[in-house]
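give me coordinates for this.
(4 chains)
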Protein chains: 2
Amino acid sequence: MSGRKQFDVGVALDQAMRVFWQRGYTDASLDVLGAAAGLGRGSIYGTFGGKDALFRRCLDRYAATYGAQYEEALAAHSDDPVRAIEAFLDVVLARIADPSVPTGCLIAQSAAQSAILGEESRGHVRTLLDIQRRRVRGALAAAPADPRVLDELAVFVVGINQSLAVLSRAGASDAELRSVARLARTTVADTLARAAAGEAAGG
Amino acid sequence: MSGRKQFDVGVALDQAMRVFWQRGYTDASLDVLGAAAGLGRGSIYGTFGGKDALFRRCLDRYAATYGAQYEEALAAHSDDPVRAIEAFLDVVLARIADPSVPTGCLIAQSAAQSAILGEESRGHVRTLLDIQRRRVRGALAAAPADPRVLDELAVFVVGINQSLAVLSRAGASDAELRSVARLARTTVADTLARAAAGEAAGG
DNA sequence: GCCATCTTGTACTGAACAGTCAAAGATAGT
DNA sequence: ACTATCTTTGACTGTTCAGTACAAGATGGC
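Coordinates of the predicted model:
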């Protein structure tokens, strides 16, 4: 059949992404991935190359989809780093609460399974996490504080994201996740306030 | 051969535990588990029953080993909740820095993979996480604050534990992990301080 | 309308998997 | 010393896996 693709690559990636997201790399078999995306093996190999390559395309799809939401949330509060972080975490909470997608986070899931991924995929995950860290760091850049403190806060916020992902997987309630995010927000606020006071006093 | 067990169950569990810890449930094959523990398939099935049961025994072994360390750390500072949490997180950091065991955390890894575990194992992971939460909650019990605030802080600290596990898996440096733990410590300290002030003012 | 080119479905391959089984051998109670 | 009982070894089962090969069929340029 066919001389031209019978499916939309983006839609197929969305479906495959959900399978990897739900099951993780190893437990997402090509049969299940194909069934979810509506693709036969030939189409998967012809279009993407193989399971590893498909996985990385799904990682990119995920990063692009939610990365855009993160950017938007951070940009909406470019004048207020604390509110920017709050909006950032709200995106995470909303995704976790969304019943149409798996809980947790594909990147966090993949990071946790890092040890069993191939060299290339492992590097890919690290890169995507680093992009997320830089994104958060960028939102903090305007705050009057020691750059090293801002670096630490960026890692902290990325870490909170992972913790929300794992906790949600373990069955934590929405209220619990929200309280974690709220506490993280106050940490950022207090740390920035202290740093600003320190800057004013010190130099 | 043999009419009595040829191996120490505890030692075998320690070895199998490391394999599950490193690779996760699915990617820990019985062949690799057996090779690591020095057991044939017959011994595994005869002693533990099967892969699922072995996995849960390993979860318990892990919980007992590090649970004891957590208890000790918390008990050593029963007069000061903030220092207790600090000591608790130091146990996590020390384990992650220990080159003789995998990075991350078996419970966190298992929680992230919760979706592909059987009903029984999934419940087991949740139970162990809940024990950890109660443990932290107990260390905070003496603090003069609204119990609901203490509940939230306990979930927060457990979440930080998970975030350290995932971040370390993704290749974060020891310095980064320590800064995350330090920020979490200030979260607990500031929150308790505010709660104490609120208690004093409110009633 | 013809043909080179691409896509797709299906069947196949060899490997890895969890779990079962029976035979061989060691132990301990008598 | 005999024997019932247990452990261990290694082979075997049927299934599932990722990846490959190929034939059938559709497309679009000419």
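
biggest helix in chain A, by residue count?
With secondary structure taken from DSSP state H, chain A has its longest helix at helix A:174-202.

okay, buried residues for that helix please.
Neighbour-count burial for helix A:174-202 flags A:176-181, A:183-185, A:187-192, A:195 (criterion: 16 or more other CB atoms under 10 Å in any protein chain shown). No exception for glycine: its C-beta is placed from N, CA and C like everyone else's.

do stretch A:39-49 and DNA strand C meet?
Yes: using CB under 7 Å from any atom of the strand, we find that stretch A:39-49 touches DNA strand C at A:39-43, A:46-47.

just want the most central residue of chain A.
Chain A has residue A:107 as the residue nearest its centroid, 5.2 Å off, counting by CA atoms, centre = their mean.

who are the neighbours in contact with that residue?
Residue A:107 is in contact with A:59, A:62-63, A:125, A:128-129, A:132, counting by CB atoms under 8 Å, 6 or more residues apart in numbering or on different chains.

hang on, the earlier thing: run the angle between the longest helix of chain A and helix B:174-202 for me.
Taking axes from the mean of the first three to the mean of the last three CA atoms, to 10 degrees, one finds that helix A:174-202 is oriented at 100 degrees with respect to helix B:174-202.

average pLDDT for helix A:174-202, rounded please.
For helix A:174-202, mean pLDDT rounds to 93.

is chain B contacted by it?
Yes: using CB under 8 Å from any CB of the partner chain, helix A:174-202 reaches chain B at A:176, A:179-180, A:182-184, A:186-187, A:190-191.

any idea which element residue A:39 lies in?
Residue A:39 belongs to no helix or strand when assigned by DSSP states H and E.

okay, now it: neighbour count?
By other CB atoms under 10 Å in any protein chain shown, 22 other residues sit near residue A:39.

quick check: it vs residue A:46, distance?
Taking CB to CB, to the nearest Å as the measure, residue A:39 falls 9 Å from residue A:46.

give the contact list for residue A:25.
Counting by CB under 8 Å, 6+ apart, residue A:25 touches A:55, A:110, A:113, A:116-117, A:121.

repeat that for residue A:171.
By CB under 8 Å, 6+ apart, residue A:171 lies in contact with B:114, B:126.

quick check: phi and psi on it?
phi 100, psi 20 (degrees, to the nearest 10).

residue A:172 contacts residue B:152, correct?
No: if you go by CB atoms under 8 Å, residue A:172 and residue B:152 don't touch, sitting 11.6 Å apart.

which one's more surrounded, the two?
Legend: neighbour count by other CB under 10 Å for residue A:172 and residue B:152, higher for residue A:172 (24 against 19).
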